[in-house]
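1. predicted model and sequence follow; I will ask about them next.
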Amino acid sequence: MKDGNSGNFSEEFLENLLLGNRHQCSEIAKKYLAQSHTYPELYEDVIRVSLYEVGRLWEINKISVATEHLATAISEGILNELFSQIVSNKRINRKVVVACVENEMHQVGAKMVADTFEMQGWDSYFLGTGIPAAELVRYIHETNPDLIAISLSIYLHFTNFLKLLEKFSVEFPDLQIIAGGQAFRHMTPEITARVGNILLFPDLYLLEKYIQFLNSKN
Ligand code: B12
C-alpha cells in the first residue's frame with residue numbers, strides 16, 4: 001500500500017511523463033521496484049496516480065491533448081516493458097478474458113488488471129479498447145475462460161455495459177464476471193445494484209486478494 005516514499009516517485013514520474021522523457025520514466029519505475037515496492041504498488045501509487053493528475057491537468061487546460069497522449073503512451077510502454085518480469089513462473093491453467101465495454105477507449109486500467117492475473121499465474125487475454133459486444137461474446141465462446149473482467153471508465157457507456165451483462169447472462173450464465181473502472185465511482189448504490197450478481201473492484205490491491213482467494217480454492 002501507499003507509503004510516504006511513493007509520493008516522491010509519483011511526482012518525479014509525472015514530471016518526466018509530461019516532459020516526454022520515456023527513458024527517465026522507465027528508470028524511475030525500476031528504481032521504485034528496486035526499493036522493495038511491489039508491481040501493484042507501482043501500478044496504483046505511481047502510474048495510476050500520475051495519469052489521474054494528467055487527466056486533471058488536461059481538464060483544466062494546463063496541458064495539451066498531445067501531452068496527455070504522450071504520457072499515456074509512455075505509461076503503456078512501461079507496462080509492456082515490465083511484462084516479462086511480472087509474469088509468474090508458476091502457471092495454474094486458468095484463463096481470464098479482459099476487455100473494455102463497447103466504445104470505451106480507456107485501456108490502461110484493463111491492461112493492469114490483465115497483468116495482475118498474470119502475476120498470479122493466470123493466462124490473461126487482454127482485448128484492449130471497446131470491442132463490439134457480439135465479437136466479445138464470440139471470443140469468450142472460443143476461449144472458454146474461467147472468468148471475465150470488464151473495464152468501464154466513462155459513465156456514458158453504462159448502458160453498453162448493462163447490455164453486455166444481459167448478453168452474458170444468456171450466453172454464459174455460470175461464468176463469474178468482475179468489473180471495475182472510474183465510471184463506477186460516480187454511481188449511487190441503487191444504480192450499482194442494477195448490475196446484479198457481478199463483483200466490482202475499486203483497485204488492484206483488492207483484485208489481487210480476490211485472485212489469491214480463487215487460487216486457494218483449488
Ligand atoms: C489517457 C486518457 C484518455 C485516452 C485513453 C487512451 C488509452 N490508451 O487508454 C483517450 C485520449 C483515448 C481518452 C479519451 C477520452 N477521455 Co480520457 N482520459 C485519460 C486519462 C488521462 C488517463 C486514463 C488512465 O489510463 N488512467 C489510469 C488507469 C490506471 O486508471 P483506471 O482506468 O481508473 O484503472 C484503475 C481502476 O479504475 C481499476 N480498474 C479499471 N478497470 C478495471 C476493471 C476491472 C475488472 C477491475 C478489477 C479493476 C479495474 O484498476 C486500475 C488500477 O487501479 C484520464 C484521467 C483519469 N482520471 O484516469 C482521462 C479521463 C478518464 N477521460 C475523460 C474524458 C472526458 C475523455 C473523453 C470523453 C474526451 C473527449 N472529449 O473526447 C474521451 C472518451 C473516449 C471514449 N470513447 O472512451 C475524463 C472522464 C470524465 C468522466 N467523469 O467520465 C477523464 C477522467 C479526464 C478528466 N479529468 O476529465 N482519454
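-> On my side now, so go ahead.
2. helix or strand for residue 125, which one?
-> strand 123-126 (DSSP states H and E).
3. what about stretch 115-132, how long is it end to end?
-> One end of stretch 115-132 sits 23 Å from the other (Cα to Cα, to the nearest Å).
4. that stretch close to the ligand?
-> No: residues of stretch 115-132 contacting the ligand under Cβ under 6 Å from any ligand atom: none, with a closest distance of 6.6 Å. Bear in mind the C-beta positions are built from the backbone N, C-alpha and C, glycine included.
5. how far away from the center of its chain is that stretch?
-> 9 Å (Cα atoms, centre = their mean, to the nearest Å).
6. per-residue confidence for the residue most central in space within the chain?
-> With distances taken as Cα atoms, centre = their mean, the chain has residue 109 as the residue nearest its mean C-alpha position (2.4 Å). As predicted, residue 109 sits at a pLDDT of 98.
7. give me the buried positions along stretch 162-179.
-> Neighbour-count burial for stretch 162-179, with 16 or more other Cβ atoms under 10 Å as criterion, is recorded at 164-165, 168, 172, 177-179.
8. burial measure for the closest residue in space to residue 91 that isn't next to it in sequence, as a count.
-> Computed as Cβ to Cβ, 6 or more residues apart in numbering, the closest residue to residue 91 that is not its neighbour in sequence is residue 121, at 5.2 Å. Burial measure for residue 121: 16 neighbouring residues, criterion other Cβ atoms under 10 Å.
9. quick one: contacts of the helix or strand following the strand holding residue 125?
-> Counting by DSSP H and E, the element after strand 123-126 in chain order, helix or strand, is helix 133-143. With Cβ atoms under 8 Å, 6 or more residues apart in numbering as the test, helix 133-143 has contacts from 95, 97, 99, 102, 125, 127, 131, 148, 160, 163-164, 167-168, 171-172, 175.
10. before I go, just wanted to say thanks for your time.
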